[in-house]
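Q: got a structure for you, letters missing:
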């Protein structure tokens with residue numbers, strides 16, 4: 001299979017009455033979706049755009065988004081999903097940068113751009129559909145999407161993905177999580193972000209059902225969807241897991257027999273939260289996925305099966321080859337005492353960053369993505385990721401991985417969230433600082449916390465500077481925004 005839209009057509013023929021997408025209490029079958037996708041692709045074709053044109057979409061978790069997404073792909077053009085919260089000037093700037101041929105937005109755009117509203121997408125799809133429409137499916141090497149990263153390590157970058165890469169990532173999710181034939185996947189995350197849109201794609205290549213929800217802000221709705229639509233798997237970023245463990249752990253535990261698996265990833269995941277989920281959901285598979293926008297779902301770790309493997313991100317997925325290199329990108333034989341940087345190759349690798357060839361060269365070389373993630377591979381083939389190179393705190397040669405400190409602190413009673421990071425000291429070097437967010441107004445006993453940390457950490461890893469804060473900076477998809485910690 002060369003593209004996700006090809007899978008939509010396949011299951012429209014094989015499972016026409018199977019529900020493909022559910023959103024806003026509405027659902028659409030594969031047969032219905034395929035008709036509207038063809039109609040929307042015909043509309044795009046009627047506009048006379050050259051193949052490979054950029055079409056920007058102000059994304060929202062909705063059926064119309066699925067129609068526009070696959071309609072764009074079927075027409076041979078490139079989808080560029082944007083944040084649902086983006087303003088008009090932001091839309092105009094991205095469209096200008098990309099030379100967009102069409103903008104799909106609920107708030108419009110500058111009159112110099114060709115723009116339709118999101119509400120028109122399905123109406124157009126129905127209007128332009130005909131039984132005699134013929135299309136050539138995209139070839140695997142055609143550009144499929146340009147996904148803008150969340151910018152946790154710097155300026156947001158436009159990741160260019162081919163149809164081959166999109167299919168390979170989806171297969172990594174499919175096989176890594178052993179997606180069941182009648183899976184119902186709840187995706188409560190911004191649909192323009194890589195982790196969410198890839199779950200939509202995975203449901204399409206497996207002929208299963210995707211339930212789109214606008215985040216975790218409404219927990220009542222979240223649990224209502226699990227119950228009403230008989231959800232069997234959920235995408236839950238680490239920050240969402242932490243929130244539910246604090247606010248609704250008992251409610252989640254009710255679905256241990258119903259849920260086939262929970263998929264988390266995209267950020268550091270505290271060991272204490274893994275253990276708590278295992279207790280709450282003893283009959284549910286619990287997966288942590290390691291990857292990035294540049295190299296999606298490269299490893300998968302079933303932490304409901306393997307206990308005590310601290311910082312493990314699992315084994316390489318179906319389409320991924322993972323190895324460890326030194327600072328010069330030379331492969332090394334790694335171990336716990338001989339760590340290096342994680343490198344990844346495979347069909348799911350990006351084509352590069354949009355309009356940034358020099359930046360691309362710093363990350364992508366000869367089909368290999370070289371990360372800044374410090375790690376090693378053990379004798380059993382398990383990959384360990386200890387933190388990002390830029391996040392590691394170096395005190396006179398003594399190195400501190402912030403996640404190691406955070407994993408200890410999060411176990412202390414009353415701590416909801418925490419972040420360890422470097423700040424300058426008076427001698428010209430750096431020292432660790434710890435910001436702590438209390439749970440529900442709890443009072444944190446700092447001397448007791450220090451004593452707790454001393455049981456698990458060397459003395460130099462315990463920050464002298466500990467501060468109680470109301471919140472930690474986050475990116476739009478809930479990741480800890482380390483570059484804005486103060």
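A: That came through fine. In this text, all values refer to a predicted model and were calculated from it rather than measured experimentally.
Q: and residue 124, how far is that from residue 234?
A: Relative to residue 234, residue 124 is positioned 32 Å away (C-beta to C-beta, to the nearest Å). Yep, even glycine has a C-beta here, placed from its N, CA and C like the rest.
Q: I'd like the next helix or strand past the least confident helix or strand in the chain by mean pLDDT.
A: Least confident helix or strand, the chain: strand 398-400 with a mean of 84, by mean pLDDT, DSSP states H and E. On the C-terminal side of strand 398-400, the closest following helix or strand by DSSP states H and E is helix 402-409.
Q: low pLDDT regions in the stretch 51-200 of the chain?
A: Residue ranges of the stretch 51-200 of the chain with pLDDT under 70: 150-155.
Q: what about the residue nearest the centre of the chain, is that helix, strand or coil?
A: Among the residues of the chain, the one closest to the centroid is residue 195, at 2.4 Å (C-alpha atoms, centre = their mean). The three-state label given to residue 195 by DSSP: H, G, I helix; E, B strand; the rest coil is helix.
Q: so it sits right up against residue 240, yeah?
A: No. Look at residue 195 against residue 240 with C-beta atoms under 8 Å: they stay out of range, at 11.1 Å.
Q: low-confidence ranges, the stretch 301-450 of the chain, go.
A: For the stretch 301-450 of the chain, applying pLDDT under 70 flags the ranges 428.
Q: strands of that one, start to end?
A: Using DSSP state E, counting those that start in this stretch, the strands found in the stretch 301-450 of the chain span residues 312-316, 320-325, 340-346, 352-353, 364-365, 368-377, 383-388, 393-395, 398-400, 415-424, 430-438.
Q: all helices of this protein, in order?
A: Ranges of helices within the chain are 4-14, 30-46, 63-74, 88-98, 120-128, 163-176, 194-206, 219-228, 238-247, 249-253, 271-280, 357-361, 402-409, 446-454, based on DSSP state H.
Q: can you lay out these as TSV showing distance to residue 290?
A: Rendered in TSV, the data for the helices of the chain read as follows (distance: least, C-beta to C-beta, whole Å):
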stretch	distance to residue 290
helix 4-14	22
helix 30-46	31
helix 63-74	25
helix 88-98	29
helix 120-128	34
helix 163-176	10
helix 194-206	12
helix 219-228	25
helix 238-247	12
helix 249-253	23
helix 271-280	14
helix 357-361	22
helix 402-409	13
helix 446-454	27
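Q: can you tell me which of those is most buried?
A: helix 63-74 (a mean of 27; mean count of other C-beta atoms under 10 Å).
Q: got the angle for that helix vs helix 30-46?
A: 60 degrees (axes from the mean of the first three to the mean of the last three C-alpha atoms, to 10 degrees).
Q: got the angle for helix 63-74 vs helix 120-128?
A: Relative orientation of helix 63-74 and helix 120-128, computed by the same axes, to 10 degrees: 60 degrees.
Q: and helix 63-74 with helix 4-14, angle?
A: Using the same axes, to 10 degrees: helix 63-74 against helix 4-14 is 110 degrees.
Q: what helices and strands are in contact with helix 63-74?
A: Judged by 3 or more C-beta pairs under 8 Å, 6 or more residues apart in numbering; DSSP states H and E, the packing partners of helix 63-74 are helix 4-14, strand 19-23, strand 26-29, helix 30-46, strand 54-58, strand 78-82, helix 120-128, helix 194-206.
Q: looking at the ones you listed, which is closest to residue 422?
A: helix 194-206 (27.5 Å; C-beta to C-beta).
Q: quick one: residues contacting the residue lying closest to residue 313 once chain neighbours are set aside.
A: Excluding the flanking residues, the one nearest residue 313 by C-beta to C-beta, 6 or more residues apart in numbering is residue 290, at 3.6 Å. Contact analysis of residue 290 by C-beta atoms under 8 Å, 6 or more residues apart in numbering lists 265, 297, 298, 299, 300, 301, 313, 314, 383, 385.
Q: please redo it, this time with the cut-off set to 6 Å
A: Residues in contact with residue 290 (C-beta atoms under 6 Å, 6 or more residues apart in numbering) are 298, 299, 313.
Q: can you tell me how far it sits from residue 321?
A: From residue 290 over to residue 321 (counting by C-beta to C-beta), the distance is 14 Å.
Q: relative to residue 469, which of the contacts of residue 290 is nearest.
A: After measuring the contacts of residue 290 against residue 469 - C-beta to C-beta - the closest member comes out as residue 313, at 28.5 Å.
Q: would you mind confirming that the closest one makes contact with residue 381?
A: No. Applying C-beta atoms under 6 Å as the test, residue 313 and residue 381 come out as separate, 12.0 Å apart.
Q: who's more crowded, these two?
A: More crowded of residue 313 and residue 381, by other C-beta atoms under 10 Å: residue 313, with 25 against 10.
Q: circling back to that earlier point, redo the helices and strands packed on helix 63-74 as CSV? Include distance to residue 414.
A: Below are the helices and strands packed on helix 63-74 laid out as CSV (distance: least, C-beta to C-beta, whole Å):
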stretch, distance to residue 414
helix 4-14, 45
strand 19-23, 38
strand 26-29, 42
helix 30-46, 48
strand 54-58, 40
strand 78-82, 39
helix 120-128, 47
helix 194-206, 30
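Q: in the sheet, who's paired with residue 400?
A: The partner list for residue 400 in beta bridges (DSSP bridges) reads residue 393.
Q: what is the burial count for it?
A: Residues contacting residue 400 under the criterion other C-beta under 10 Å number 25.
Q: who touches it in this structure?
A: Listed by C-beta under 6 Å, 6+ apart, the contact partners of residue 400 are 393, 432, 461.
Q: so how far is residue 457 from it?
A: Applying C-beta to C-beta to residue 400 and residue 457 gives a distance of 9 Å.
Q: now residue 113
A: As judged by C-beta to C-beta, residue 113 and residue 457 stand 54 Å apart.
Q: then residue 327?
A: Taking C-beta to C-beta, one finds residue 327 at 27 Å from residue 457.
Q: so those two - more neighbours on which side?
A: Each of residue 327 and residue 457 has its neighbours counted (other C-beta under 10 Å); residue 457 has more, 16 against 8.
Q: okay, the contacts of residue 400 in CSV with neighbour count and distance to residue 368 next?
A: Putting the contacts of residue 400 into CSV (neighbours: other C-beta atoms under 10 Å; distance: C-beta to C-beta, whole Å) gives the following:
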residue, neighbour count, distance to residue 368
393, 23, 28
432, 21, 33
461, 21, 33
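Q: tell me the contacts of the residue of the chain most remote from its centre?
A: Largest separation from the mean C-alpha position in the chain: residue 427, at 39.5 Å (C-alpha atoms, centre = their mean). Taking C-beta under 6 Å, 6+ apart as the definition of contact, residue 427 has no neighbours.
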